[in-house]
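Peer 1: predicted structure and sequence below. I'll ask about it afterward.
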Amino acid sequence: MKYPVNEVFETIQGEGTFTGVPAIFVRLQGCPVGCSWCDTKQTWELLESNRVAPEDVIQVDGAIGRWAEITASELVAAFNAKGFNAKHVVITGGEPCLYDLTEMTDYLHSQGYQTQIETSGTFEVQCAADTWVTVSPKVNMKGGYQVLEQALTRANEIKHPVATEKHITELDELLTGIELTNKTVCLQPISQKSRATELAMATCIARNWRLSIQTHKYLDID
Ligand SMILES: C[S@@+](CC[C@H](N)C(=O)[O-])C[C@H]1O[C@@H](n2cnc3c(N)ncnc32)[C@H](O)[C@@H]1O
Ligand SMILES: Nc1nc2[nH]cc(C(=O)O)c2c(=O)[nH]1
Ligand code: SF4
Ligand SMILES: [Mg+2]
């Protein structure tokens, strides 16, 4: 299967449980959800006019929304050609669960990589059983709620973006009825806003949840 890839780069995972782990990021193009504060708006549209050759998305900044169709085995060949060392592959986007990620995650595992998916929970999560799934729920967004329960149930980690109290209330509603044993819940302040960070820290302490900081933004790395 060919996947529409916006960019591939090696860096340090900046967010969530794997913060600090060297990682190869595979960012897929396309997302219909439309979060107003989205970091990666360039990934929303899959425009034919922005289609490029595979080599133009490997270690090339995807800022203008270019994308190339690439298979899992071509991705691993590119990792090797670039001399990437990381063994943790983060599949993000855009919304990666627009696509069936089973083939990609199975292949990466067969080649000795571990995998993580960053998803909004707006589309069914389809991946290998061993993939670490991070769900960052999007409330009242396009795409709807139909599959959020499937995504939250599959999640290894629920990483909720937070700016105001309203986001905490929404999360409480979403988590009703979800079995949280063996899941990590973390709050991620939206866009490094100090009020958001203070609210997230206070709530994490009160609930014994984890704080997820977008450390790559503080470090000014990709
Ligand atoms: C860019 S999204 C891509 C993956 C997927 N569409 C999703 O939303 O989870 C990756 C992560 O960044 C988070 N994110 C995006 N923009 C953010 C912002 N301005 N501040 C904090 N987190 C943000 C999302 O909530 C998600 O956890
Ligand atoms: N360093 C780094 N860590 C990240 N964690 C999640 C990211 C994403 O955009 O999904 C991201 C990203 O873009 N860069
Ligand atoms: S779901 Fe993810 S990629 Fe899509 S708009 Fe929201 S934060 Fe951005
Ligand atoms: Mg990012």
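Peer 2: Looks like it came in fine. Ligands and ions are numbered 1, 2, ... in the order given.

Peer 1: quick one: is stretch 128-137 near ligand 1?
Peer 2: Yes: interface with ligand 1: stretch 128-137 contributes residue 136 (C-beta under 6 Å from any ligand atom). For every residue, glycine as well, the C-beta is placed using N, CA and C.

Peer 1: say whether ligand 2 is contacted by that stretch.
Peer 2: No: judged by C-beta under 6 Å from any ligand atom, stretch 128-137 makes no contact with ligand 2; its nearest approach is 8.2 Å.

Peer 1: may I have that stretch as CSV, with CA atoms only?
Peer 2: Provided in CSV are the C-alpha atoms of stretch 128-137 (Å, rounded to 0.1, in the frame of the first residue of the first chain):
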residue,chain,number,x,y,z
ALA,A,128,-0.4,-3.8,14.5
ALA,A,129,-1.2,-5.0,18.0
ASP,A,130,2.2,-3.9,19.4
THR,A,131,1.9,-0.3,18.1
TRP,A,132,1.8,2.3,20.9
VAL,A,133,-1.3,4.4,20.2
THR,A,134,-1.5,8.0,21.4
VAL,A,135,-5.0,9.4,21.1
SER,A,136,-5.4,13.1,21.4
PRO,A,137,-9.2,13.4,21.4
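
Peer 1: what's the burial count for residue 191?
Peer 2: 12 (other C-beta atoms under 10 Å).

Peer 1: if you could redo that for residue 95, that was the one I meant.
Peer 2: Count around residue 95 with other C-beta under 10 Å applied: 24.

Peer 1: got a list of what residue 195 touches?
Peer 2: residue 163 (C-beta atoms under 8 Å, 6 or more residues apart in numbering).

Peer 1: establish whether the longest strand seen in the chain and ligand 3 are in contact.
Peer 2: Ranked by number of residues, the top strand in the chain under DSSP state E is strand 3-12. No: Strand 3-12 is not in contact with ligand 3 by C-beta under 6 Å from any ligand atom; minimum separation 10.5 Å.

Peer 1: now do the SS call for the most centrally placed residue in the chain.
Peer 2: Residue closest to the average C-alpha location in the chain (C-alpha atoms, centre = their mean): residue 118, at 2.1 Å. Of the three states, residue 118 takes strand under DSSP: H, G, I helix; E, B strand; the rest coil.

Peer 1: and ligand 2, is the longest strand of the chain touching that?
Peer 2: Yes: interface with ligand 2: strand 3-12 contributes 11-12 (C-beta under 6 Å from any ligand atom).

Peer 1: let's see that strand as CSV, backbone CA atoms only.
Peer 2: Extracted C-alpha coordinates of strand 3-12, given in CSV (Å, rounded to 0.1, in the frame of the first residue of the first chain):
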residue,chain,number,x,y,z
TYR,A,3,0.8,6.2,1.9
PRO,A,4,0.8,10.0,1.2
VAL,A,5,3.8,11.2,3.1
ASN,A,6,4.4,14.9,3.9
GLU,A,7,7.8,14.6,5.6
VAL,A,8,10.2,12.2,7.1
PHE,A,9,12.8,13.3,9.6
GLU,A,10,14.8,12.0,12.6
THR,A,11,14.6,14.0,15.8
ILE,A,12,13.8,13.5,19.5
